[in-house]
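Asker: any chance you could fold what I've pasted below:
(one chain, ligands or ions: 1)
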Amino acid sequence: MSGLALNNISMRFDLPNGGSVQALKDVTLNLAPGELMSVLGPSGCGKTTLLNIVAGFLAPTEGEITLNGHRVLGPDAERGMVFQQGALFEWMSVRDNVSFGPRMKGQRESKWAGNVDHLLDVVGLQDFKEKAIYELSGGMQQRVALARCLANDPDVILMDEPLGALDALTREKMQSLVLKLWKETGKTIILITHSVEEALLLGERLLVMAPRPGRIHKEYRLPFADMGVNADLREIKKHPDYASTREEILGMIWDMEEEIMGRTEAAQ
Ligand SMILES: Nc1ncnc2c1ncn2[C@@H]1O[C@H](COP(=O)(O)OP(=O)(O)OP(=O)(O)O)[C@@H](O)[C@H]1O
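Answerer: Below is the predicted model:
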């Protein structure tokens, strides 16, 4: 059975004061190979917890995850992670960062060099491959992070706000790059974002989560990611369906935030 399957995933964190937080409740989700899903939701609805469980960093309190039919029991190179920032080796060169995974697996340079070279081309960093990470801009660093993840040839790429720290223009360019990499590599991708626009542009499936307990609220299937592979993302934003879906989701999240604030105020 190929693809990623989350079956009735629940996660409860026990707190030192004896209480607990139900971060996720009964999350069931199937992703076919090559699907790109963006995940949105108000703060605290369990997005990062969900990603950490799929990555194998956390074990769910209930439920199970399978990838291509085998159970996920911990971190593995088959599931790569791209963080918002800070996960690169600052003192190493771009090339050493990108080749880190294959080198750690003990592969000879002759085996990984061609692919690393190709990935440096794809993310547009060929001319910067000998530079150290600290010499690069934020956008370039995230391109290294994407290339480094791809060098491990994972089946699934998990992205936690990968573009969240970038300025608006760099972010737009990186959104196009994510779409290009998705189509070229055929990887399954789960991307968490706080930006409704980004979730619409990058998610051929878009999951809206709700908090307390964290759960799936609504799922959309959208045409914009496919359209964006060969088009200017700004043009896609002019599409009437884009605007109406954006309004609908913004309203949905607004209502959830209002409800959270109402509950918080009532508790005070
Ligand atoms: N290690 C932990 N111990 C206790 N509670 C936790 C832990 N990790 C997360 N939580 C709680 O679980 C809930 C979900 O957190 P999570 O970080 O997954 O949400 P999120 O949707 O990613 O939030 P944000 O958008 O703010 O990053 C929150 O109430 C959070 O406080």
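Asker: write out the residues of the protein neighbouring the ligand.
Answerer: Contact residues (CB under 6 Å from any ligand atom) of the chain with the ligand: Phe13, Val21, Ala23, Gly41, Ser43, Gly44, Cys45, Gly46, Lys47, Thr48, Thr49, Gly214. Every residue, glycine included, has its C-beta placed from N, CA and C.
Asker: okay, the fourth one: pLDDT?
Answerer: Going back to what we said before, that points to Gly41. We have a pLDDT of 94 for Gly41.
Asker: which residue packs closest to it, ignoring adjacent ones?
Answerer: Spatially, and ignoring its direct neighbours in sequence, Gly41 is nearest to Met209 (3.4 Å; CB to CB, 6 or more residues apart in numbering).
Asker: check contacts around that neighbour.
Answerer: Contacts for Met209 (CB atoms under 8 Å, 6 or more residues apart in numbering) come out as Val39, Leu40, Gly41, Cys45, Gly46, Lys47, Leu50, Arg215, Ile216, His217.
Asker: show me where the stretch 151-268 of the chain has strands.
Answerer: Along the stretch 151-268 of the chain, the segments classed as strands by DSSP state E, counting those that start in this stretch run 156-160, 188-192, 205-210, 215-221.
Asker: make JSON lines from those strands and add mean pLDDT and distance to Asn8 to it.
Answerer: Below are the strands of the stretch 151-268 of the chain laid out as JSON lines (pLDDT from 0 to 100; distance: least, CB to CB, whole Å):
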{"stretch": "strand 156-160", "mean pLDDT": "96", "distance to Asn8": "19"}
{"stretch": "strand 188-192", "mean pLDDT": "97", "distance to Asn8": "18"}
{"stretch": "strand 205-210", "mean pLDDT": "97", "distance to Asn8": "16"}
{"stretch": "strand 215-221", "mean pLDDT": "97", "distance to Asn8": "11"}
